[in-house]
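Enquirer: what's the 3D shape of this:
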Amino acid sequence: MSTRTLPLDDKLYSYLQGVSLREPPVHHRCRMETAELPMGSMQIAPEQGQFLHLQLQLLGAERAIEIGSFTGYSGLWIASALPRGGCMVACDVNEKWLSRARHYWSEAGVMDRVDLRLAPALKTLDGLLEDGQEASYDFIFIDADKESYDAYYERSLSLVRPGGLVAVDNVLWSGKVANYGCDDPDTCAIRKLNEKLHSDERIDLSLVPVGDGLTLCRKRQ
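Expert: Okay, the predicted model is just below:
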């Protein structure tokens, strides 16, 4: 018995995946092929993707936004949780990565649920707000450049409906957020946002130690 989260050594982590992970073949292929890329570590963990998928199902989500799509792995989990006719706005600026994402999304049969925006995410989010889409999304996942996290969060909180969920990735940042000797811009940006979220009365909050740390923010009524 333990009163704190258990550390996961390789044996326990393998066991966790063995008794929990239900990863479809195309998701698995996307994850394994992406892991071979020079920047493959930017990909979320499979149990984290499945956890997000479950959150969308619990919400009954129909409209979602992904800020930072990379090669499409997290988007597979998000889009596949949406019903036919649902929509995930996918924001990224790298056409090379998005070409891979399109391939996996098409193979998984979810491309009809993806509204792909090849543009800076803040421009896309501001455009959605200008189009009158405030408080009209059920779920938003933030996983892009860390120095813009606060700006992404504020736009997301405007775009998500009351009772909807904003999920923020990499909030533990390989442990560097707890090392105040680390003062690089990315670490400082994440640390500052973590502190802000802790006192933000607009949301209900939980930081979950899955993957590189995932914060769930439920917009209050």
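Enquirer: Trp77 contacts Leu52, doesn't it?
Expert: Yes. With contacts counted by Cβ atoms under 8 Å, Trp77 reaches Leu52, the gap being 5.4 Å. Heads up, the C-betas are built off the backbone N, CA and C, glycines and all.
Enquirer: strands along the protein, start to end?
Expert: For the chain, the strands defined by DSSP state E cover 63-67, 87-92, 114-118, 137-142, 160-169, 203-208, 214-219.
Enquirer: so for the most centrally placed residue in the chain, what's the pLDDT?
Expert: The centroid of the chain falls nearest to Phe141 when counting by Cα atoms, centre = their mean (3.5 Å). We have a pLDDT of 98 for Phe141.
Enquirer: tell me the contacts of it?
Expert: Listed by Cβ atoms under 8 Å, 6 or more residues apart in numbering, the contact set of Phe141 reads 52, 64-68, 74, 78, 167, 169.
Enquirer: just to revisit the earlier point, got the strands of the chain as CSV, with distance to Tyr152 columns?
Expert: Shown next, in CSV, are the strands of the chain (distance: least, Cβ to Cβ, whole Å):
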stretch, distance to Tyr152
strand 63-67, 5
strand 87-92, 9
strand 114-118, 14
strand 137-142, 5
strand 160-169, 8
strand 203-208, 14
strand 214-219, 12
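Enquirer: now the residue nearest to the centre of the chain: how far from Gln43?
Expert: Distance from Phe141 to Gln43, counting by Cβ to Cβ, to the nearest Å: 13 Å.
Enquirer: what's the spacing between the closest residue in space to Ser206 that isn't next to it in sequence and Asn179?
Expert: In space, and not counting its chain neighbours, Ser206 is closest to Leu216: 4.9 Å by Cβ to Cβ, 6 or more residues apart in numbering. Using Cβ to Cβ, we find Leu216 at a distance of 24 Å from Asn179.
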